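**Q** Have a look; sequence and predicted model below, questions after that.
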Amino acid sequence: MADAKLWILVGNASRARLFATDAKAEKDWSLVEEFHHEESRAKGDDLRDQPDNPNAGTLHGPPGENEPNGRKELEHERFARELSGVLDKGHDRHAFDKLVIAAPPEFLGRLRKALSTRVRQRVLLDVGSDYSTVPARDLPERVPLL
C-alpha cells in the first residue's frame, strides 16, 4: 500500500465522516467531508407526515412506508445510496486507491449493497462497528487500516 491514497468512511445510518490519509501517515487523517441525514433520525410517524418527502421505494425495494419502521428503512437506504454516490465521484476523480469503511453491521450491509462494483473493488477493509460519535483524533486508534 506504499504511497496509496486511502479514504476512510466512518458513520451510521444518519451521519458519516469521510477522511483521507496515505500509507506513510496512517495516523494522520484529514477530514474530507461530513454528511448528515436527519430523516434517518426522525421517528417513523414523523416521516409519514412529511408531504414534501415522499416514499421513493420500488415494488421490489424495502417495506412500504406504512409498515412498522418501513419509512425509516427507506431513509437508511437513501443515505447509503448518497454515500455510495460520493464514493463513486471520488473514485472517478482518482481521489483514493483504497477504502476502509466502519459502520454498524446493519448499515454496513446496506452500504455494501449500494456500492458500485468499481468502488467495491477498492474496499481494503470494512469494520462492523459504530464509531460515528468517536472524536476524530481518536479514530486512527479505533479503526484498523490493515
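**A** Alright, I've got the coordinates. Numbering: from 1, shown residues only.
**Q** Just the pLDDT for residue 97.
**A** Looking at residue 97, its pLDDT is 95.
**Q** Offset the numbering so it begins at 30, please.
**A** Got it, the first residue is 30 from now on, which makes the last one we talked about residue 126.
**Q** give me the number of residues near it?
**A** Close neighbours of residue 126, defined as other CB atoms under 10 Å, add up to 16. C-beta here means a position set from N, CA and C on the backbone, and glycine is covered the same way.
**Q** got the contact list for it?
**A** 30, 33, 34, 35, 151 (CB atoms under 8 Å, 6 or more residues apart in numbering).
**Q** Likewise for residue 163?
**A** 39, 171.
**Q** for residue 132, same thing?
**A** For residue 132, the contacting residues are 38, 39, 40, 41, 45, 140, 155, 156, 157, 158, 159, 161, by CB under 8 Å, 6+ apart.
**Q** try it again with 10 Å
**A** With contacts defined as CB atoms under 10 Å, 6 or more residues apart in numbering, the neighbours of residue 132 are 38-42, 45, 109, 112, 138-141, 155-161.
**Q** Take those residues and, keeping just the buried ones, write it as a ChimeraX select command.
**A** ChimeraX command restricting the contacts of residue 132 to the buried ones, with burial defined by 16 or more other CB atoms under 10 Å:
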select :38,39,40,41,42,45,109,112,139,140,155,156,159,160,161
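**Q** With residue 146 as the reference, measure out to the residue nearest the centre of the chain.
**A** Among the residues of the chain, the one closest to the centroid is residue 112, at 5.0 Å (CA atoms, centre = their mean). Per CB to CB, to the nearest Å, residue 112 is found 16 Å from residue 146.
**Q** before we move on, what about residue 102?
**A** Applying CB to CB, the value for residue 102 to residue 146 is 24 Å.
**Q** What of residue 124?
**A** According to CB to CB, residue 124 stands 18 Å off from residue 146.
**Q** what do you get for residue 129?
**A** 18 Å.
**Q** neighbour count winner among those two?
**A** residue 129 (22 against 6).
**Q** Go ahead and list the helix or strand containing residue 114.
**A** Secondary structure from DSSP states H and E places residue 114 in helix 99-121.
**Q** Quick one: distance of the helix or strand harbouring residue 168 to the chain centre.
**A** Using DSSP H and E, residue 168 falls within helix 168-171. Chain-centre distance of helix 168-171: 17 Å, with CA atoms, centre = their mean, to the nearest Å.
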